[in-house]
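Participant: Whatever this is, show me its structure:
(one chain, ligands or ions: 1)
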Amino acid sequence: MRGNLADDWPPLRTLTDLALRKWHVRLTCPQCGYVRVMSGAGLWYLFHRRHWRDDVASVCQRFHCPHCLLARRAKIRPLIEKTKDAPTGPKLEDPSDYEWKKLIARYRS
Ligand SMILES: [Zn+2]
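Facilitator: Residues are numbered from 1 along each chain as shown. A predicted model of the protein is given here:
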């Protein structure tokens, strides 16, 4: 199943793409429909600090549905989509101004 990341041109392929264009990230469990919205900038910063790959496929591998894990002991990977909805759940730390400006400067050149 495809999400809506390819609706944009060029398509959104990484958390960096999403964060730079001010999207939040909606993770949806394809099994039970559990949805969590995470701050795009916060998620980017989390992956940036941990030096994790931030392409969409790698991001999916970092998450699983907590309900399906409890109910079925199954690690279900979420679908990733862009959204303007407000983030839900525990708040992610936003990047500092310094980190954010560094990111923007890197992609403007
Ligand atoms: Zn689930």
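Participant: and this protein, which of its residues are near the ion?
Facilitator: 29, 31-32, 34, 65, 67-68, 76 (Cβ under 5 Å from the ion). Quick note: C-beta positions are derived from backbone N, CA and C, even for glycine.
Participant: give me that answer again for 8 Å
Facilitator: 29-34, 65-69, 71, 76 (Cβ under 8 Å from the ion).
Participant: Write the ChimeraX selection for whichever of these are buried.
Facilitator: Selecting only the buried entries of the residues of the chain next to the ion in ChimeraX, with 16 or more other Cβ atoms under 10 Å as the criterion:
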select :29,65,68,76
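Participant: Is the residue sitting nearest the centre point of the chain bridged to anything, and to what?
Facilitator: By Cα atoms, centre = their mean, the chain has its centre lying nearest to residue 25, at 4.4 Å. Applying DSSP bridges to residue 25 gives these bridge partners: residue 38, residue 82.
Participant: how about it, what does it touch?
Facilitator: With contacts defined as Cβ atoms under 8 Å, 6 or more residues apart in numbering, the neighbours of residue 25 are 15, 18, 37-40, 43, 59, 80-83.
Participant: Looking at those, state which has the most neighbours.
Facilitator: residue 15 (28 neighbours; other Cβ atoms under 10 Å).
Participant: Whichever strand or helix holds residue 57 packs against which elements?
Facilitator: Under the criterion DSSP states H and E, the helix or strand holding residue 57 is helix 56-61. Contacts defined by 3 or more Cβ pairs under 8 Å, 6 or more residues apart in numbering; DSSP states H and E place helix 56-61 against strand 79-83.
Participant: Just the residues contacting the strand it packs on, thanks.
Facilitator: Residues outside strand 79-83 that contact it (Cβ under 8 Å, 6+ apart) are 1, 3-5, 8, 12, 18, 23-30, 37, 40, 56, 59-60.
Participant: And the helix or strand immediately after it in the chain, how far out from the chain middle?
Facilitator: Going down the chain from strand 79-83, the next helix or strand is helix 97-108, by DSSP H and E. When C-alpha coordinates are averaged (Cα atoms, centre = their mean, to the nearest Å), helix 97-108 and its chain have centres 18 Å apart.
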